[in-house]
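Engineer: Everything below, folded, please.
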Amino acid sequence: MELKIKAISPKIGTEIPFPYYATEGAAAMDLCACVDEEILLPAGERTVVPTGIAIALPSAGYVALVFARSGLGIRHGIALSNGVGVIDSDYRGEIQVGLINQSHTDYTIRPGERIAQLAVMPVARPVLVPVEELDETRRGTGGLGSTGR
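Structural biologist: Reported below is the predicted structural model:
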């Protein structure tokens, strides 16, 4: 499949790279902060960081998902403020990344820094079938923690 990508900022492709796969086995592309100057993200606070790009998914059969970078989360407590970002197939605006600093230390986001990952995946859109009862399973209605530790 092809993913159409548009540079929203003139920095893309010169100062800041287009999204890219860091290794041959990478499932997601790195997204970089497309900013003119450093952004201070204080401990416990949130911010939105532009990426300078927009995309066009080929059809409603695909979704782009924005995930946190594990190194930022593990080393610095920087995560996506909404858990996972969903880029619908009909969205054509700039991809922006909501970040939260979950640590007790301020963090500085630098221009061009890799801040998130973008994965493109197929979408299953099931037809909903209202029913009176669901089929029985061994687990049943057991919820959070019901299968043990």
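Engineer: Nearest to the spatial middle of the chain, which residue is it?
Structural biologist: Residue closest to the average C-alpha location in the chain (Cα atoms, centre = their mean): V66, at 1.3 Å.
Engineer: Phi and psi next, for it.
Structural biologist: Dihedral pair for V66: phi -100, psi 120, per degrees, to the nearest 10.
Engineer: likewise R75?
Structural biologist: When read as degrees, to the nearest 10, the backbone of R75 gives phi -80, psi -30.
Engineer: For it, the count of nearby residues, please.
Structural biologist: By other Cβ atoms under 10 Å, 11 other residues sit near R75. From N, CA and C alone the C-beta is placed, and that goes for glycine too.
Engineer: any idea how far R139 is from it?
Structural biologist: To R139, R75 is 36 Å away according to Cβ to Cβ, to the nearest Å.
Engineer: Check which residues of the worst-scoring helix or strand of the chain on mean pLDDT are buried.
Structural biologist: The least trusted helix or strand in the chain, going by mean pLDDT, DSSP states H and E, turns out to be helix 70-76, with a mean of 95. In terms of neighbour count (16 or more other Cβ atoms under 10 Å), helix 70-76 has its buried residues at L72, H76.
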